[in-house]
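J.: below are the sequence and a predicted model; questions follow.
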Amino acid sequence: MDKLFSPSTVHQITKKYKFKFEKSLGQNFLVDYNIIEKIITASEINKESLVVEIGPGIGTLTAALAQHAGKVKAIEIDRNLIPILQETLENEDNVEIIHKDILKTDLGELIAEEKDYKQVKVIGNLPYYITTPIVMKILEERVGVSDITIMLQKEVADRMKAKPGGKDYGSLSIAVQYYCEVEQVASVPRNVFIPKPNVDSSIIRLVIREKPAAYVIDEGFFFKVVRGGFSQRRKTLLNALSSALNMQKEKLEELLKLCNIDPIRRAETLSIQEFATLTNKLKEI
Ligand code: SAM
């Protein structure tokens with residue numbers, strides 16, 4: 001098979017298999033080797049790595065991953081792509097093609113089947129319509145993944161890596177940074193895909209922390225408080241939280257002061273540590 005990242009190969013394959021791009025599945029295939037190289041380099045894969053690839057498409061990134069990794073488990077939802085992948089990856093004996101929906105896949109089981117590898121890495125040019133659920137599933141399930149290198153919509157990447165104080169900082173920034181350190185790898189223009197998407201992209205790397213960024217007594221409650229704080233971004237923390245948590249303002253004000261948090265601040269100025277301190281105090285009462 002000719003170079004998969006060449007636009008003419010993509011056209012040739014889609015014609016041969018009468019493949020129709022499914023917009024609802026976020027199908028935009030990469031046609032630029034530089035981007036593939038950036039993903040490979042950033043992910044630091046080697047022969048001791050097990051790679052779980054999300055959405056292999058016609059196998060462009062998969063073939064490159066197979067050259068560097070010990071094994072690649074590639075999960076693809078679209079059954080029309082399976083025969084294509086079987087052809088494009090026929091010479092890669094360390095690739096397992098799995099026809100499944102990533103959101104319905106038991107990642108723990110998938111990883112536990114493989115005992116021979118030192119680290120497990122998740123890599124993918126993600127289907128943009130479900131980026132956040134995919135990332136949160138991997139983080140929340142704590143299945144032993146060491147890091148995640150993904151291409152995603154630029155705006156979502158900006159929110160994942162945002163620091164307190166700006167408009168991009170919100171509950172997604174806190175959820176991701178609670179579990180990971182976020183590194184920006186590259187900005188990606190829309191013209192490196194077929195078909196061309198309507199948005200620009202970024203490649204980011206999420207390195208999963210050994211311990212979360214802050215100690216919280218009850219994680220479920222912590223995320224509830226964070227979401228509550230951001231539920232009305234323009235309101236003060238006091239107003240947003242008293243309505244989200246259905247709490248008396250006087251009581252909440254007292255508590256915020258005990259945590260050294262000025263009640264007139266807005267949620268977007270609070271660090272993860274401050275949210276954690278506040279949640280733990282709320283939990284105590
Ligand atoms: N990796 C290929 C590339 O870079 O050219 C394709 C990337 S394309 C942006 C996203 C891929 O994810 C598509 O092949 C699509 O069919 C697949 N996909 C969409 N939803 C999925 C899901 N829920 N589970 C697994 N794969 C999915």
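T.: Yep, it's here.
J.: show me which residues of the protein sit near the ligand.
T.: Residues of the chain lying near the ligand by Cβ under 6 Å from any ligand atom: 25-30, 54-57, 60-61, 75-78, 81, 101-103, 125, 127, 130. For every residue, glycine as well, the C-beta is placed using N, CA and C.
J.: for burial, what's the neighbour tally of L245?
T.: 15 (other Cβ atoms under 10 Å).
J.: contact partners for it?
T.: L245 is in contact with 224-225, 228, 252, 282, counting by Cβ atoms under 8 Å, 6 or more residues apart in numbering.
J.: same question, A175
T.: Applying Cβ under 8 Å, 6+ apart, the residues contacting A175 are 136, 139, 223, 226.
J.: does the first one lie in a helix or a strand, and which?
T.: Secondary structure assigned from DSSP states H and E places M136 in helix 131-141.
J.: next one: that helix to chain centre, how far?
T.: 6 Å (Cα atoms, centre = their mean, to the nearest Å).
J.: re earlier: which one of the contacts of L245 is nearest to E114?
T.: K224 (35.4 Å; Cβ to Cβ).
J.: which of the helices or strands spans the closest one?
T.: helix 219-230.
J.: buried set for that helix?
T.: 222-223, 225-226, 228-230 (16 or more other Cβ atoms under 10 Å).
J.: now those in a markdown table, with pLDDT?
T.: Below are the buried residues of helix 219-230 laid out as a markdown table (pLDDT from 0 to 100):
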| residue | pLDDT |
| --- | --- |
| F222 | 98 |
| F223 | 97 |
| V225 | 97 |
| V226 | 98 |
| G228 | 96 |
| G229 | 96 |
| F230 | 96 |
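J.: next one: phi and psi at F193?
T.: With angles defined as degrees, to the nearest 10, F193 sits at phi -120, psi 150.
J.: not counting its neighbours along the chain, what's nearest it?
T.: Nearest residue to F193 in three dimensions, chain neighbours excluded: N28, at 3.9 Å (Cβ to Cβ, 6 or more residues apart in numbering).
J.: the one you found reaches N198, doesn't it?
T.: No. Using Cβ atoms under 8 Å, N28 makes no contact with N198, being 9.8 Å away.
J.: could you export the host helix or strand of N34 as PDB, CA atoms only?
T.: Taking DSSP H and E as the criterion, the element that holds N34 is helix 33-43. What follows is helix 33-43, C-alpha atoms only, in PDB (Å, rounded to 0.1, in the frame of the first residue of the first chain):
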ATOM      1  CA  TYR A  33       3.400  13.200   7.600                       C
ATOM      2  CA  ASN A  34       4.800  16.100   9.700                       C
ATOM      3  CA  ILE A  35       1.800  15.900  12.000                       C
ATOM      4  CA  ILE A  36       2.200  12.200  12.400                       C
ATOM      5  CA  GLU A  37       5.900  12.700  13.300                       C
ATOM      6  CA  LYS A  38       4.900  15.300  15.900                       C
ATOM      7  CA  ILE A  39       2.500  12.900  17.500                       C
ATOM      8  CA  ILE A  40       5.000  10.100  17.600                       C
ATOM      9  CA  THR A  41       7.800  12.200  19.000                       C
ATOM     10  CA  ALA A  42       5.600  13.800  21.700                       C
ATOM     11  CA  SER A  43       4.200  10.500  22.900                       C
END
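J.: so what does that helix touch, helix or strand wise?
T.: In terms of contacts (3 or more Cβ pairs under 8 Å, 6 or more residues apart in numbering; DSSP states H and E), helix 33-43 is packed against helix 60-68, strand 119-125, strand 145-153, strand 180-188, strand 201-208.
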